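Asker: Here you go, sequence then predicted model.
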Amino acid sequence: METRENEPHEVVVRMVRTEIFDDVERCARARAMLSADELGVLDRLRRAAARRDYLGAHALARTTLADVLHADPARICFHSTAGGRPELTAPRGAPRLSFSLSHADGIALCAVSASHTVGADVESIRCVGGDPLGVAATICSESEQALLASTPAAARASSRCWPPRS
């Protein structure tokens, strides 16, 4: 992956298919960068797929933040606010960043910005159902909803990332 200086209004968005963490060595490297609290949560998750998705999301967040900050992923510290939004707490002196992470059914996503509050969400087609318009109405802009509504239902149900681009 190529790293470059971020533009002032850039939002960095990265995703990973978490099946890559089925590899024992990759899993061990990802676990090594997590905090004790994150490892505690990870170890309490019962389903292997849930552990893999959590690990993928947190490793992705750490590596994305580390790339933006030019820091070691293992030295990145964050906690969740009372509302559940993650907040960067270390390294000291780091610029204020907004970031969001999400994971579901084999996909992890992270968004980071120095200039905007960001929110990222991954929804499972299994949970959303065959037509995601109901979820879109709660999270997408009017233009995004219009674009999604103009897409045939079969294409909407099979989209991995939406709204689809025209």
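Answerer: All right, it came through fine. Numbers count the residues shown, from 1 in each chain.

Asker: In the protein, where's the longest helix?
Answerer: helix 48-69 (DSSP state H).

Asker: Next, the contact list for the nearest residue to Y54 once chain neighbours are set aside, please.
Answerer: Distances taken as C-beta to C-beta, 6 or more residues apart in numbering put L42 closest to Y54, at 5.5 Å, once the chain neighbours are dropped. C-beta coordinates here come from the backbone N, C-alpha and C atoms, glycine included. By C-beta atoms under 8 Å, 6 or more residues apart in numbering, the residues touching L42 are R31, L34, R51, Y54, L55, H58.

Asker: again, but for S102
Answerer: A57, A108, L109, C110, A120, D121, V122.

Asker: Dump the residues you listed to a markdown table, plus secondary structure, distance to D67 and pLDDT.
Answerer: As requested, the contacts of S102 are arranged in a markdown table below (DSSP: H, G, I helix; E, B strand; the rest coil; distance: C-beta to C-beta, whole Å; pLDDT from 0 to 100):
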| residue | secondary structure | distance to D67 | pLDDT |
| --- | --- | --- | --- |
| A57 | helix | 16 | 95 |
| A108 | strand | 15 | 94 |
| L109 | strand | 15 | 93 |
| C110 | strand | 10 | 94 |
| A120 | coil | 16 | 81 |
| D121 | coil | 22 | 80 |
| V122 | coil | 20 | 79 |
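
Asker: Now the buried members of these.
Answerer: Buried members of the contacts of S102, scored by 16 or more other C-beta atoms under 10 Å, are A57, A108, L109, C110, A120, V122.

Asker: Which parts of this protein are helices?
Answerer: Using DSSP H, helices in the chain cover 24-33, 36-44, 48-69, 125-128, 133-139, 142-149, 153-158.

Asker: helices or strands next to the longest one in the packing?
Answerer: Helices and strands touching helix 48-69, by 3 or more C-beta pairs under 8 Å, 6 or more residues apart in numbering; DSSP states H and E, are strand 11-17, helix 24-33, helix 36-44, strand 98-104, strand 107-113.
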